[in-house]
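Trainee: quick check, what structure comes out for this input:
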Amino acid sequence: MSYAVQKDSSRRLAGLAVVITLHAALIYALVHGLARQIVEVIRQPLETKIIEEIKAPPPDKPPPPPPPKLVMPPPPYIPPPEVQVQLAVSAPTITAVTNVKPPAESIRTEAVRDPDCIPEYPPGARRANETGTVQLSYLIDVDGKVLESKIDRSSGYRRLDEAAKTALALCKFTPATVEGRPVRSRKKVNYVWKLE
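Mentor: Model (predicted):
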């Protein structure tokens, strides 16, 4: 037991010695003016700089106001003129009688296609199940041959359009006539391509 008490008292003595040493150092510093020297070191001249405040750029000029809308004035009112209607006294009508016949209207006939002119279904279009209607316009010459043709509305398939155009070029027509004389004429035809 005496060992434990001895150990505790040596700790106390060591702590007391440390506290006395710190107090002595503090008193020495105060007497010799060490604190003043620390303050002088801290009190060195401070450097200051004036920084100009950055000004924001001036706002954009506001857009000019829109021009005033010019409203057209309403048209001036012009009253309708007053019209006085006078009934004319009817004179007796004179009728002339003549024996001359008026000219007859010209007699015109349309071009007629040969009924045996039927286009063949293109084999590739048949295999691909292509169907549709092609509208062609064409010019028939005085000898009944097709001079030119063009596709007005496609079937949607190039093979069917070309087959219709080729078949039309091979067709023979009875030409249109005026007063019995053959003339050129324009016509339209629809080729309907459907699989049965």
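
Trainee: list the contacts for the residue nearest the centre of the chain?
Mentor: Taking CA atoms, centre = their mean, the centroid of the chain lies closest to Gly156, which sits 26.0 Å from it. Contact analysis of Gly156 by CB atoms under 8 Å, 6 or more residues apart in numbering lists Glu130, Gly132. Quick note: C-beta positions are derived from backbone N, CA and C, even for glycine.

Trainee: in which helix or strand would I find it?
Mentor: Using DSSP states H and E, Gly156 sits in no helix or strand.

Trainee: tell me the confidence at it?
Mentor: pLDDT, Gly156: 91.

Trainee: also the one 10 residues further on?
Mentor: According to the prediction, Thr166 has pLDDT 89.

Trainee: is it in a helix, a strand, or coil?
Mentor: The three-state label for Thr166, taken from DSSP: H, G, I helix; E, B strand; the rest coil, comes out as helix.

Trainee: give me the neighbour count for it.
Mentor: Residues lying near Thr166 (other CB atoms under 10 Å) number 13.

Trainee: number of residues surrounding the residue lying closest to it once chain neighbours are set aside?
Mentor: Once flanking residues are discounted, Thr166 sits nearest to Pro119: 7.5 Å by CB to CB, 6 or more residues apart in numbering. Look at Pro119: counted by other CB under 10 Å, it has 17 neighbours.

Trainee: wait, a helix at Val18?
Mentor: Yes: according to three-state DSSP, Val18 belongs to a helix.

Trainee: give me the neighbour count for it.
Mentor: The number of residues near Val18, taken as other CB under 10 Å, comes to 10.

Trainee: can you give me the strands in the chain?
Mentor: 108-109, 112-113, 132-140, 146-153, 173-174, 176-178, 181-183, 185-193 (DSSP state E).

Trainee: got CSV for those, with mean pLDDT, mean neighbour count and distance to Glu162 too?
Mentor: Converted to CSV, these look like this (pLDDT from 0 to 100; neighbours: other CB atoms under 10 Å; distance: least, CB to CB, whole Å):
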stretch, mean pLDDT, mean neighbour count, distance to Glu162
strand 108-109, 86, 12, 31
strand 112-113, 85, 14, 19
strand 132-140, 91, 19, 9
strand 146-153, 90, 14, 9
strand 173-174, 88, 18, 21
strand 176-178, 90, 16, 27
strand 181-183, 91, 14, 29
strand 185-193, 88, 15, 11
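
Trainee: returning to what we had before: so what's the residue nearest to Thr166 up against?
Mentor: When contacts are counted by CB under 8 Å, 6+ apart, Pro119 touches Ala163, Ala164, Thr166, Ala167, Leu168, Tyr191.
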